[in-house]
Structures are given as C-alpha cells and as structure tokens.
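> I would like the atomic coordinates for the input below:
(chains A, B, C and D)
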Protein chains: 2
Amino acid sequence: MLNKTRGRPRGNPDTKARIAEVARELFLEHGYRGTTVRAIAAAAGVDSALISYHFGSKQGLFGQSLNLLCVQPGALDQALQGDQAGLADRLLTAVTALWDATAPTENRMALQDDDTMRAFRGYLESELLGRIAEFLGGPDATERATAAVGVLGGLIFTRYLNPIRPIAALPPAEVRRIFGPALRAALHARPRPR
Amino acid sequence: MLNKTRGRPRGNPDTKARIAEVARELFLEHGYRGTTVRAIAAAAGVDSALISYHFGSKQGLFGQSLNLLCVQPGALDQALQGDQAGLADRLLTAVTALWDATAPTENRMALQDDDTMRAFRGYLESELLGRIAEFLGGPDATERATAAVGVLGGLIFTRYLNPIRPIAALPPAEVRRIFGPALRAALHARPRPR
DNA sequence: GCGCAATATTCAACGGTGCTGAATAAAACC
DNA sequence: GGTTTTATTCAGCACCGTTGAATATTGCGC
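Next up, the predicted model:
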C-alpha cells in the first residue's frame, strides 16, 4: 500500500519518535476521536500497523505522545510563598502561566482520556490540595483548601480541558480579576458558624 | 436480520421514545463511546438503521436522550427565581440535587470522552451562562455569570466528572457551605475598579 | 567475517463501527 | 378507495483499530 519495500529499512531512522511527534500535533489539532490511526500513519509516512507495533494501541500512543503534562513543580512552590493576602493572585497566575504556555494556539485539547484524567485527579487531590492546606494552616485548613482546589480545578477545566469559550478567551489578568474574589472567598472563608 | 417483517408495524408503538429511553440507560452505564448504535438497537428490539432514521445520527440520539435528564426542566428555572441573596445556595442545591440523583453510587457517568464533553460544554456555555447573566442583569452581568459558571463547572467537574475524593465525599449541605462563599463572590463581585 | 536471533517494516485481512439506499408495509389523508 | 406519508427491515458501503504473516535490515556471539 505504501510500497516502501517490506522489512526493516536502512539506517536507523527513529520512526517511533517521528510517529509520536506527528501524533501529538494531530491530537492537539483534532482531538483524540478526530484523529485516526491511519491518518497519523499517513502523516508520518508509515504503515498504520506500525503504531500498534510500537505503542500497542492508539490509546497507548495518545498517552505517550502527550506526557508533557501538567505539573511543573517550581511554579507551585513559588506561589506558596509570601503573604496570605496575595495567595489567590499568585495561584491564579501560576495556573494561567503554566497552562497558557503548554498549548500553542487557539485549539486547546479536549482531554478526555482515562489515564490522563486519573493523573490530573491525583495531582489535584494529593499535591495541590495538600500543599495549599499546609500553607494555610490552622483549623479548617483542609476545608478551605478543598474549596480552593474546587475553584482552581474549575478554572482549569472550563478554560483548558473543556474550554467554554467566554472563559477560555479571557486574558490572564481578567482571569485573576474574575476568579480572584471566588478563590479568595474559598481560601479565607470564615470558620463554620455554630 | 431481525425478521419482524418489513414495513410499518401494526398499531402505533412509540418506538422512538423507547429507543431514547433504552439509549439513555446505556449511555449512562457505558458512556458514549462504549455504547454502540447496534447495541442500542438490539436492546430496543429494533433495527439499527432506525436510529439514524429517527435521530439522524448517534450524536443526535445522544443529545436528545441526555437532554431528558441533564436539563430536567424546572430545576434551573426554580433556582433562578427569588432574591439575589439566596441565589448561590439555590444554584448549589440545584446542582447537587440533580447530579447526586442521576447516578446511584460509585459509578458516576463515564463522561470522559469528547462528545460528552462537547455536550456538557454546550450546556454550560449557552444554557447556564446565558440564564444566569440574564437573571443577574445590569452591567458586568456577563462577567459575573462567567465567574459563576467557572465555579459551578469546577464543582461539577471535581465532584462528578472526575471526582477528587475530598470533594466527592462532601454531603450536599457541606458543598453549599464550602462553595457558597466562592460562588457568592463570583456572582456579586464589585464592578471593575478603575 | 559469518550465522542467526532480534527488530522494524509492509501488506492483507478480520470483525466492528456509523450510516445510507432500496424495498416494503402500515397509517393517514382526501 | 386510491395516493401520499411514515415507519420499519435489510443489504451493504466506507472506514475504524488491530492482528498475523511475510520480509528486509540490524546487531550480537563466535
């Protein structure tokens, strides 16, 4: 079908890497469902069976070609220093700086894959929530951190993962202005009335 | 293949409704991708071509059968009546009541594929955001509604779609208490300082 | 160097997918 | 009662992801 002569090719072209690279672009542009294995193979100038061979499955290729997610630990450390008053703004800045940088243009990926979701959940749950609670300290720290993670997770979800247009379109400064009050309220909520 | 004799059947069985009903169950149980048109047709005792005929496409069937419970006519309407002071609590109640009811226990809807995401996005974007902005009225209404949708979307995401444990575990009253301040802040943010 | 296992590739095919077009039979209309 | 409209089945199309066999190249043991 492609008639590049069967069998192993000459030299050692790193076809696997090329496939992953091409696949990443296509996945970002068309999403998971909208990208067929055959299209990836064609774009990489290769037979579609190769991707099953190298990556096991389309799912495997997807996971592997998008491993560049989502933590970048330094940004969070930086946000979790300084006064509590500016915490909300620093967190929002960290989030937008990090995510706005990862995807090149307009079309943020619709990230629906199971494993990716699991990874993201784990990050929110253990890393983010724990760190924020630790930083806040005092009684109710966990509860306030929970609310804050809810707000931040919401921002990430509605702006990047499943971008609803009005939110995705905001410039970072507007994000801070609009989500700031909610996040501050979450972080510094009064303790439970009794 | 099913040999129920060709052509229109006797009586007027509301096959379309039955298909939608069966489809809803299957979609909720197995997600969009995991539910094939042929499976729906088989479960409804009908030829698979019928669903293209009645609903245009699998996507159409999905949208139609999910509308039956995502919108749940009136839940939102009810929240969008009364004083503005109680709005946040009413919205949070509506969300928890609606979503807590849809899936019984652990197996929350397997929402993680991009068609479902798209449907959900559409709901958030056109329905929810528009209605809230309309209710708020005045300048900045859209911006405040945007922030509110961000918070609500975050709640839905972190509690139902990709449940991170501490948030999913909250009883509804706690959800109101924890997310209330953030949502109120979003809804009633002061206008832009100048 | 040579032989041979491991590896990388193409090709053909399989079962499954959503969907369409033709055939057909009941209902609805006039 | 004849004709149009509607609801259904059936056969099949083009595509999907994946697999197994064939084949050519590399790289290692000796």
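
> can we go C-alpha only for contacts and neighbour counts from here?
OK.

> Whatever residue of chain A ends up closest to DNA strand D: what secondary structure?
Residue nearest to DNA strand D within chain A (CA to the nearest atom of the strand): A:Gly7, separated by 2.9 Å. Secondary structure, DSSP: H, G, I helix; E, B strand; the rest coil: A:Gly7 is coil.

> Repeat that for the one 3 residues further on.
The three-state label for A:Arg10, taken from three-state DSSP, comes out as coil.

> element containing A:Val95?
A:Val95 is part of helix A:87-102 when elements are defined by DSSP states H and E.

> Pull the CA coordinates from that helix and hand them back as CSV.
The C-alpha trace of helix A:87-102 is given here as CSV (Å, rounded to 0.1, in the frame of the first residue of the first chain):
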residue,chain,number,x,y,z
LEU,A,87,-2.0,33.9,47.7
ALA,A,88,-5.1,33.9,45.4
ASP,A,89,-3.5,36.0,42.8
ARG,A,90,-0.3,34.1,42.9
LEU,A,91,-2.1,30.8,42.5
LEU,A,92,-4.1,32.1,39.6
THR,A,93,-1.0,33.5,38.0
ALA,A,94,0.8,30.2,38.3
VAL,A,95,-2.1,28.3,36.8
THR,A,96,-2.5,30.6,33.8
ALA,A,97,1.2,30.9,33.2
LEU,A,98,1.6,27.2,33.2
TRP,A,99,-1.3,26.2,31.1
ASP,A,100,-1.4,29.1,28.7
ALA,A,101,2.2,28.1,27.8
THR,A,102,1.6,24.4,27.2
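
> Which elements pack onto that helix?
helix A:73-79, helix A:172-187 (3 or more CA pairs under 8 Å, 6 or more residues apart in numbering or on different chains; DSSP states H and E).

> how far does stretch A:58-68 sit from the chain's center?
Distance of stretch A:58-68 from its chain centroid, counting by CA atoms, centre = their mean, to the nearest Å, is 13 Å.

> what's the closest non-adjacent residue to the residue in chain A that chain B sits nearest to?
Nearest residue of chain A to chain B (CA to the nearest CA) works out as A:Gly154 at 3.0 Å. Spatial nearest neighbour of A:Gly154, excluding adjacent residues (CA to CA, 6 or more residues apart in numbering or on different chains): B:Gly154 at 3.0 Å.

> what are the phi and psi angles of that neighbour?
The phi/psi pair for B:Gly154 (degrees, to the nearest 10) reads phi -60, psi -40.

> low-confidence ranges in chain A?
Along chain A, the parts satisfying pLDDT under 70 run over A:1, A:66-75, A:98, A:101-120, A:190-194.

> do that again at 50, thanks
A:68-72, A:104-108, A:110, A:194 (pLDDT under 50).

> what residues does it put near DNA strand D?
Proximity of chain A to DNA strand D, by CA under 7 Å from any atom of the strand, involves residues A:5-12, A:33, A:35-39, A:48-50, A:52-53, A:56-59.

> Is the closest residue to DNA strand C within chain A in a helix, a strand, or coil?
With CA to the nearest atom of the strand, the shortest gap between chain A and DNA strand C falls at A:Asn3, namely 2.7 Å. The local conformation at A:Asn3, judged by three-state DSSP, is coil.

> That one: neighbouring residues, count only.
7 (other CA atoms under 10 Å in any protein chain shown).

> next one: the one 5 residues further on
Residues near A:Arg8, counting by other CA under 10 Å, number 7.

> What of A:Gly11?
6.

> again, but for the one 10 residues further on
A:Glu21 sits with 15 neighbouring residues when counted by other CA under 10 Å.

> Could you do A:Thr35 as well?
If we define neighbours as other CA under 10 Å, then A:Thr35 has 17 of them.

> what about it, distance to B:Leu76?
36 Å (CA to CA, to the nearest Å).

> So which residues on chain A come close to DNA strand C?
Close to DNA strand C, as judged by CA under 7 Å from any atom of the strand, chain A has residues A:1-9, A:12-16, A:45-50, A:53.

> if we go to 6 Å?
A:1-9, A:13, A:15-16, A:46-47, A:49-50, A:53 (CA under 6 Å from any atom of the strand).

> Now do the same contact list for A:Lys16.
A:His54 (CA atoms under 8 Å, 6 or more residues apart in numbering or on different chains).

> What strand or helix carries it?
Assigned by DSSP H and E, A:Lys16 falls in helix A:15-30.

> Give me the distance between that helix and the centre of its chain.
17 Å.

> continuing past it, what's the next helix or strand?
helix A:37-43.

> For that next one, buried residues please.
By 16 or more other CA atoms under 10 Å in any protein chain shown, the buried positions in helix A:37-43 come out as A:37, A:39-41.
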